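J.: the following comprises the amino acid sequence and a computationally predicted model.
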Amino acid sequence: MSLDDGAVADLFDRMADAGIPPARFARIWLHTHPGVSVEPSGIDEETFHRVFGGCDWAVMAILGRTGKTSARLRFNTGPRAAVEIPTRVDWSDWPAFAADGLDAHTADWEHEYETLVDVAAPPAESARRDPFADLFFTRPLGVPHASF
């Protein structure tokens with residue numbers, strides 16, 4: 001998966017025209033993975049760096065098809081760090097959302113997928129490694145600084 005640079009530029013233009021600075025809309029990337037894994041792919045890592053690397057902080061969050069989640073907060077200023085953050089899906093609105101049937105929603109989702117998603121070939125194995133793994137450290141929340 002990669003973000004279309006033209007679509008990203010259009011979003012930035014629309015937000016700038018509305019007087020909304022990038023710090024208010026371009027820090028959090030929430031996306032889905034079609035399978036069970038919620039681990040970021042090499043393309044995810046490259047896209048996160050390319051699109052959000054200029055932000056002083058940014059979040060990449062992934063929701064898998066089975067409901068598993070992952071999220072990482074990356075600080076790009078100061079000592080720079082990346083920290084996994086706990087996530088979960090709040091299903092409390094699901095009964096109301098699904099009450100009138102999912103057919104209309106499914107048709108909307110299928111149309112959006114067909115018009116906005118281009119399926120690309122998988123990346124070469126060498127592209128799957130996080131190119132920034134040596135620059136950042138990760139420690140789980142709740143682990144004291146001195147223990148790692």
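T.: Ah, there it is.

J.: which SSE is V51 in?
T.: Under the criterion of DSSP states H and E, V51 resides in helix 42-52.

J.: and after that helix, which helix or strand comes next?
T.: Once the chain leaves helix 42-52, the next helix or strand it forms, by DSSP H and E, is strand 57-64.

J.: what is that next one packed up against?
T.: Secondary-structure packing of strand 57-64 (3 or more C-beta pairs under 8 Å, 6 or more residues apart in numbering; DSSP states H and E): strand 28-33, helix 42-52, strand 69-75. Where C-beta positions appear, they are placed from N, C-alpha and C, glycine not excepted.

J.: quick one: those as TSV, columns for distance to A7 and mean pLDDT too.
T.: As requested, the helices and strands packed on strand 57-64 are arranged in TSV below (distance: least, C-beta to C-beta, whole Å; pLDDT from 0 to 100):
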stretch	distance to A7	mean pLDDT
strand 28-33	13	89
helix 42-52	11	87
strand 69-75	22	94
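
J.: beyond the least confident helix or strand in the chain by mean pLDDT, next helix or strand please.
T.: When each helix and strand of the chain is scored by mean pLDDT, DSSP states H and E, helix 94-98 comes last, with a mean of 81. From helix 94-98 onward toward the C-terminus, using DSSP H and E, the following helix or strand is helix 103-116.
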